[in-house]
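> pasting the sequence and the predicted coordinates here, then a few questions.
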Amino acid sequence: MNSAIHFIQQGGVFMYPIMLVLVVGLAIFVERVIFLNKVKARSRALWEQVQPSIRSGQLEQAQAQVRKSDSEAARVLDYGLDAALSGADLEHIESALDEGLLEVTPRLEARSNYISTFANLSTLLGLLGTVHGLIEAFASVANADPAQKGDLLSAALAISMNTTAFGLGAAIPLILCYTYIQNHTQQVVESLEVIAMKVMNSIRRTGVQGQ
């Protein structure tokens, strides 16, 4: 712990914005993981609840169950069931389900891109801190004793490189977090697409649309 604190203190003022970027990026990552897991669990629970009604052609009962839920799957299903109960054909029902998917997808993807942005930002802040440190290093040895310039410059350069190391050290986990979130989001979207497909197949088998 003492070594980490000493490392940060030696890096200069740019270490603190890099640390802030890392903390905010990780906080977004944790929030997104919790949210997506909740969406996936609620969608699975809703589908298990309404699946018997949809497969038996009781779409009004299924829609009543769907409208009691505020989950993302409920929004998608409500679009499709509403179209089916209004007498739409299969093509329009499918379009309604796609519309529901398009509505909920941005909410699933919200704030995820910030993690990637913060990864790039931490790298750039690290480089900026190093450049700033180099400028100060060369300025500090300009009037120093020629015999000591080499030692002073080497020490200053070593310290200025701390920001680049810390910036890269912050960027790597953020990039991994972004990749995980992207894959996790895609899995949730695909699970909703599967539910929509199952609804279409059930309606096609029962032939209740347009009645």
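Nice, I can see it.

> switch to C-alpha atoms for all contacts and neighbour counts from now on
OK.

> sketch out the low-pLDDT regions of the protein for me.
1-11, 140-156, 158, 207-211 (pLDDT under 70).

> now do the helices in it.
2-11, 15-55, 59-66, 72-85, 90-109, 112-141, 146-206 (DSSP state H).

> distance from the chain centre to the fourth one, please.
How far helix 72-85 lies from its chain's middle: 26 Å, per CA atoms, centre = their mean, to the nearest Å.

> find the residue at the geometric middle of this protein.
The residue lying closest to the centre of the chain (CA atoms, centre = their mean) is residue 112, at 2.7 Å.

> wait, that residue sits on residue 178?
Yes: using CA atoms under 8 Å, residue 112 is in contact with residue 178, at 6.8 Å.

> so what sits against both of these two?
Residues touching both residue 112 and residue 178 (CA atoms under 8 Å, 6 or more residues apart in numbering): residue 29.

> who's in contact with the nearest residue to residue 18 once chain neighbours are set aside?
Closest residue to residue 18 apart from its sequence neighbours, by CA to CA, 6 or more residues apart in numbering: residue 122 at 5.3 Å. Applying CA under 8 Å, 6+ apart, we find residue 122 in contact with 18, 21, 22, 167, 168, 170, 171.

> and the gap between residue 118 and residue 128?
According to CA to CA, to the nearest Å, residue 118 and residue 128 sit 15 Å apart.

> roughly how far does the residue nearest to the centre of the chain sit from residue 105?
Remark: distance between residue 112 and residue 105 (CA to CA) = 12 Å.

> ok, now residue 79?
The value you get for residue 79 to residue 105, if CA to CA is used, is 14 Å.

> more neighbours: these two, which one.
The neighbour count for residue 79 versus residue 105, taken as other CA atoms under 10 Å, is higher for residue 79 (20 against 16).

> could you report the neighbour count for residue 87?
14.

> just want the phi and psi numbers for it.
phi 90, psi 10 (degrees, to the nearest 10).

> shift numbering so it begins at 23
Yes, from this point I'll number from 23; that puts the last item at residue 109.

> quick check: it vs residue 142, distance?
Taking CA to CA, one finds residue 109 at 51 Å from residue 142.

> swap in residue 206?
Distance from residue 206 to residue 142, by CA to CA: 21 Å.

> same thing with residue 95?
Residue 95 is 34 Å from residue 142, by CA to CA.

> between these two, which one's more packed in?
The residue with more neighbours, out of residue 95 and residue 142, is residue 95; 27 against 19, by other CA under 10 Å.

> now do the contacts for the more buried one.
64, 65, 68, 69, 214, 217.

> got JSON lines for these, with distance to residue 86 too?
Shown next, in JSON lines, are these (distance: CA to CA, whole Å):
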{"residue": "64", "distance to residue 86": "17"}
{"residue": "65", "distance to residue 86": "16"}
{"residue": "68", "distance to residue 86": "12"}
{"residue": "69", "distance to residue 86": "13"}
{"residue": "214", "distance to residue 86": "19"}
{"residue": "217", "distance to residue 86": "17"}
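
> now tabulate those residues in CSV and tack on distance to residue 184 and neighbour count.
Listed next are those as CSV, based on distance: CA to CA, whole Å; neighbours: other CA atoms under 10 Å:
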residue, distance to residue 184, neighbour count
64, 45, 18
65, 46, 22
68, 51, 20
69, 52, 20
214, 45, 27
217, 50, 20
